[in-house]
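Peer 1: using only what follows, build the 3D model:
(2 chains)
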Amino acid sequence: EADIYQTPRYLVIGTGKKITLECSQTMGHDKMYWYQQDPGMELHLIHYSYGVNSTEKGDLSSESTVSRIRTEHFPLTLESARPSHTSQYLCASSELGGREAPTDTQYFGPGTRLTVL
Amino acid sequence: DAKTTQPPSMDCAEGRAANLPCNHSTISGNEYVYWYRQIHSQGPQYIIHGLKNNETNEMASLIITEDRKSSTLILPHATLRDTAVYYCIVAGGSQGNLIFGKGTKLSVKP
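Peer 2: Okay, the predicted model is just below:
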């Protein structure tokens, strides 16, 4: 069973606020990911990281930013939340991290459901 | 990464086998077939993956055709808790990120 955690699980916040969504994993995985998913829609990759000090943009453009200072921690930040940011944000991790490594099994957290009023 | 085609929805009677098809006709030699499922907007859950040979684990079986252009996920005895969206993903290569499509919404009915 995967050990990957996301906090908060639910967040309702006003427009213009700065928010940070937390994601941590205890599996020592190198690669971590953030996905965005609107209700009933597909998951879209917005950020990923190969390891410490590595961050890459995903397939879907996002106004959020990420950082990877520690292996186990991959927070996502929105500097100024807007109603268009309302969505579910899912964090995942996988064991293989190098740029030349093949795809590996991803383990997902429970998600953070964000509502911006 | 190669794209996949799945039926948008399927029904299955509780206790019966659920067979979920997936077409991936443009799969390349180093790409794997992955299956994940997502239960009611929870985080997706890994089920199984394979390259060429059929695979089986405690959750499901994966049957890949000899030409690798299609595959079938088999849940041998579906339960109500197997109701979920099932994603077939083909991925591999140097970047190796998964691309989630719309999946198949499986409804297991009593």
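Peer 1: centre-most residue in chain A?
Peer 2: A:W34 (2.7 Å; C-alpha atoms, centre = their mean).
Peer 1: burial count for the spatially closest residue to A:R68 that is not a sequence neighbour?
Peer 2: Excluding the flanking residues, the one nearest A:R68 by C-beta to C-beta, 6 or more residues apart in numbering or on different chains is A:S49, at 4.3 Å. Glycine gets a C-beta too; all of them are placed from N, C-alpha and C. By other C-beta atoms under 10 Å in any protein chain shown, 21 other residues sit near A:S49.
Peer 1: list the pairing partners of the host helix or strand of the residue nearest to the centre of chain A within its sheet, with orientation.
Peer 2: Assigned by DSSP states H and E, A:W34 belongs to strand A:31-37. Using DSSP bridges, the strands paired with strand A:31-37 are strand A:43-49 (antiparallel), strand A:87-94 (antiparallel).
Peer 1: most packed of those?
Peer 2: Across those, the average number of neighbours (mean count of other C-beta atoms under 10 Å in any protein chain shown) peaks for strand A:87-94, which reaches a mean of 25.
Peer 1: run through who's touching that one.
Peer 2: A:2, A:4, A:6, A:21, A:23, A:25, A:27, A:29-39, A:43, A:74, A:76, A:103-109, A:111-114, B:41, B:43-44 (C-beta atoms under 8 Å, 6 or more residues apart in numbering or on different chains).
Peer 1: again, only this time at 7 Å
Peer 2: A:4, A:6, A:21, A:23, A:25, A:27, A:29, A:31-38, A:43, A:74, A:76, A:104-109, A:111-114, B:41, B:43 (C-beta atoms under 7 Å, 6 or more residues apart in numbering or on different chains).
Peer 1: B:Q38 bridge partners, please.
Peer 2: B:V85.
Peer 1: thought it was touching B:A84?
Peer 2: Yes: using C-beta atoms under 7 Å, B:Q38 makes contact with B:A84 at a distance of 5.9 Å.
Peer 1: for whatever residue of chain B ends up closest to chain A, what are its contacts?
Peer 2: The nearest approach of chain B to chain A comes at B:G43, 3.1 Å away (C-beta to the nearest C-beta). The neighbours of B:G43, taking C-beta under 7 Å, 6+ apart as the test, are A:L90, A:F108, A:G109, A:P110, A:G111.
Peer 1: looking at those, which has the most residues close by?
Peer 2: In these, the most neighbours by other C-beta under 10 Å go to A:L90, 28 neighbours.
Peer 1: so which residues of chain A form strands?
Peer 2: Listed in chain order, the strands found in chain A under DSSP state E are A:4-7, A:10-13, A:19-25, A:31-37, A:43-49, A:56-57, A:65-66, A:76-78, A:87-94, A:106-108, A:112-116.
Peer 1: same list, those, but as CSV with mean pLDDT please.
Peer 2: Converted to CSV, these look like this (pLDDT from 0 to 100):
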stretch, mean pLDDT
strand A:4-7, 96
strand A:10-13, 96
strand A:19-25, 97
strand A:31-37, 94
strand A:43-49, 93
strand A:56-57, 92
strand A:65-66, 96
strand A:76-78, 96
strand A:87-94, 95
strand A:106-108, 91
strand A:112-116, 97
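Peer 1: rewinding a little: what's near enough to touch the residue nearest to A:R68?
Peer 2: A:S49 touches A:K31, A:M32, A:T55, A:E56, A:V66, A:R68, A:F74, counting by C-beta under 7 Å, 6+ apart.
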